[in-house]
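Engineer: Build the 3D model from these lines:
(chains A and B)
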Amino acid sequence: DAGVTQSPTHLIKTRGQQVTLRCSPKSGHDTVSWYQQALGQGPQFIFQYYEEEERQRGNFPDRFSGHQYPNYSSELNVNALLLGDSALYLCASSPSPFWNTGELFFGEGSRLTVL
Amino acid sequence: KNEVEQSPQNLTAQEGEFITINCSYSVGISALHWLQQHPGGGIVSLFMLSSGKKKHGRLIATINIQEKHSSLHITASHPRDSAVYICAVAGNQFYFGTGTSLTVIP
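Structural biologist: A predicted model of the protein is given here:
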């Protein structure tokens, strides 16, 4: 049973560019959430998707957007990249239809470096 | 102001010691998570709690909803327990602590 998979694992972009990160949830999970973790910090919640809609959002600007497909996989898009967007981006899936009461299963993350 | 505070930030223990990591939060929550993160980034969920106490092997997690406090205990610590332990709460969104870095020395 494949767990949560994320791609790419590492990438380098320059300021002003756009990036798309991808996540496939654990089999049987329909809820996907995204997190940003700067070096030495705890993760920060970006948003959560369920039934192809953004259900809950943290304190991130509109440059951060997402999408969920009918097969429950998800994308995180970041436009107009800033140096401060350099971080580990984590995806987690959950079997719960209730956004805040499901156990979280994390992927290994995508490490983004913005130069 | 951080919605979730963890203590201690760093902890070094001898193998076999009993370890406690504390988490205090300031928001109303529906659940609290204890997570383990090893170098390289991968995060593993250890516990999800909404009340009381849970035990899994040598790990015990407790939560006191009235006091807005949770503890993670590790009995008979082992070098393989060395990792960063993160407390997270589900309030109106997810809030995370900055983590407790644990090193267990043989």
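
Engineer: isn't B:Ile63 right next to B:Val89, touching?
Structural biologist: No: here B:Ile63 lies out of contact with B:Val89, judged by Cβ atoms under 8 Å, at a distance of 9.9 Å. For glycine as for every other residue, the C-beta is placed from the backbone atoms N, C-alpha and C.

Engineer: For A:Glu54, give its distance to chain B.
Structural biologist: Counting by Cβ to the nearest Cβ, to the nearest Å, the separation of A:Glu54 from chain B is 12 Å.

Engineer: ok, that residue - contacts?
Structural biologist: A:47-48, A:66 (Cβ atoms under 8 Å, 6 or more residues apart in numbering or on different chains).

Engineer: Report the beta-bridge partners for it.
Structural biologist: A:Tyr49 (DSSP bridges).

Engineer: How much space separates it from B:Leu49?
Structural biologist: According to Cβ to Cβ, to the nearest Å, A:Glu54 stands 27 Å off from B:Leu49.

Engineer: Neighbours of residue 16, how many?
Structural biologist: Answering for chain A, as no chain was given. 10 (other Cβ atoms under 10 Å in any protein chain shown).

Engineer: actually chain B
Structural biologist: 11.

Engineer: Also A:Gly66?
Structural biologist: Per other Cβ under 10 Å, the neighbour tally for A:Gly66 reads 21.

Engineer: Surely it is within a helix?
Structural biologist: No: counting by DSSP: H, G, I helix; E, B strand; the rest coil, A:Gly66 is located in no helix; its state is strand.

Engineer: Who does it form a beta bridge with?
Structural biologist: Assessed by DSSP bridges, A:Gly66 has beta-bridge partners A:Leu76.

Engineer: Please verify my assumption that it contacts A:Tyr50.
Structural biologist: No: A:Gly66 lies out of contact with A:Tyr50 (Cβ under 8 Å); the separation is 11.6 Å.

Engineer: what are the ranges of the strands in chain A?
Structural biologist: A:5-7, A:10-13, A:19-24, A:31-37, A:44-50, A:53-57, A:64-68, A:74-78, A:87-94, A:105-106, A:110-114 (DSSP state E).

Engineer: With mean pLDDT as extra columns, can I get those in JSON lines?
Structural biologist: Formatted as JSON lines, the strands of chain A follow (pLDDT from 0 to 100):
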{"stretch": "strand A:5-7", "mean pLDDT": "97"}
{"stretch": "strand A:10-13", "mean pLDDT": "97"}
{"stretch": "strand A:19-24", "mean pLDDT": "98"}
{"stretch": "strand A:31-37", "mean pLDDT": "95"}
{"stretch": "strand A:44-50", "mean pLDDT": "94"}
{"stretch": "strand A:53-57", "mean pLDDT": "92"}
{"stretch": "strand A:64-68", "mean pLDDT": "97"}
{"stretch": "strand A:74-78", "mean pLDDT": "98"}
{"stretch": "strand A:87-94", "mean pLDDT": "95"}
{"stretch": "strand A:105-106", "mean pLDDT": "93"}
{"stretch": "strand A:110-114", "mean pLDDT": "97"}
